[in-house]
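Novice: Here you go, sequence then predicted model.
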Amino acid sequence: MSVQTSMMTAPVPVIETDRLILRAPRLGDLEAMVDFYASDRAHFVGGPCSRFDAWNRLTSSIGHWVVRGYGMWMIEVKATRQPAGRVGILNHDGWPEPELGWHVFNGFEGQGIAHEAALAARKAARELFRLHPVISLIVPENTRSRALAERLGAKVEREGEVLGHACLVYRHPAEEVSA
């Protein structure tokens, strides 16, 4: 019997902002993801869900980088080195086109983290991955994400649906807006 192996890897750029590091997801992020996905804060991103589902989301996030060459970064606070959320570009099977998505973990909301991270991720989408202008798929009731999308300069383009759920399709500006 002959056995051959191959390595699956994906380069994940590390992006630094004034307060944040956007980095590859890793196993050490699991507990923060479990806490977030078990909470009501995860309602607009498919939660609350079990530890196993959080594990699947973590490993799926890693796999997205391998399959697409881009994906969701973990948001890490420089000062504390704590994972504070996720941000990046999603393009799952069934998505209409690449999407800029974000969420911050419990205890990190209201600090401008999502805004700072989303600006950096959108810039990377444009400059590193040549993906622009991207969209954001937002449930109409998610007023906080809608406000952030609008602060980022995105405008509602149309109503849409993803995975059987109604959403608003926000189109981000083709040129960088630092709102």
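Specialist: Perfect, thanks for sending it. Keep in mind that what you see is a predicted model, and the values were worked out from it rather than measured. Numbering: from 1, shown residues only.
Novice: Please make it C-alpha for all contacts and neighbour counts, starting now.
Specialist: Noted.
Novice: Let me see the contact set for His132.
Specialist: Neighbour list for His132: 125-126, 174 [criterion: C-alpha atoms under 8 Å, 6 or more residues apart in numbering].
Novice: The same query, at a cut-off of 6 Å, please.
Specialist: 126, 174 (C-alpha atoms under 6 Å, 6 or more residues apart in numbering).
Novice: for Pro11, same thing?
Specialist: Per C-alpha under 6 Å, 6+ apart, neighbours of Pro11: none.
Novice: any idea how far it lies from Trp55?
Specialist: Look at Pro11 and Trp55: by C-alpha to C-alpha, to the nearest Å, they are 21 Å apart.
Novice: is the spatially most central residue of the chain in a bridge, and if so with what?
Specialist: Per C-alpha atoms, centre = their mean, the C-alpha nearest to the average position across the chain is that of Val87, at 3.0 Å. Assessed by DSSP bridges, Val87 has beta-bridge partners Trp73, Trp102.
Novice: unless I'm mixing things up, it is touching Trp73, no?
Specialist: Yes. Using C-alpha atoms under 6 Å, Val87 makes contact with Trp73 at a distance of 5.4 Å.
Novice: Next, the buried residues of the one helix or strand Ala147 maps to.
Specialist: Ala147 belongs to helix 143-151 when assigned by DSSP states H and E. Buried residues in helix 143-151, defined by neighbour count with 16 or more other C-alpha atoms under 10 Å: 145-146, 148-150.
Novice: what element comes up after it heading to the C-terminus?
Specialist: Remark: after helix 143-151, the chain's next helix or strand is strand 155-162, criterion DSSP H and E.
Novice: Which neighbouring elements make contact with that next one?
Specialist: In this structure, strand 155-162 makes packing contacts with strand 165-171, judged by 3 or more C-alpha pairs under 6 Å, 6 or more residues apart in numbering; DSSP states H and E.
Novice: at 10 Å what do you get?
Specialist: Where contact means 3 or more C-alpha pairs under 10 Å, 6 or more residues apart in numbering; DSSP states H and E, strand 155-162 is packed against strand 135-138, helix 143-151, strand 165-171.
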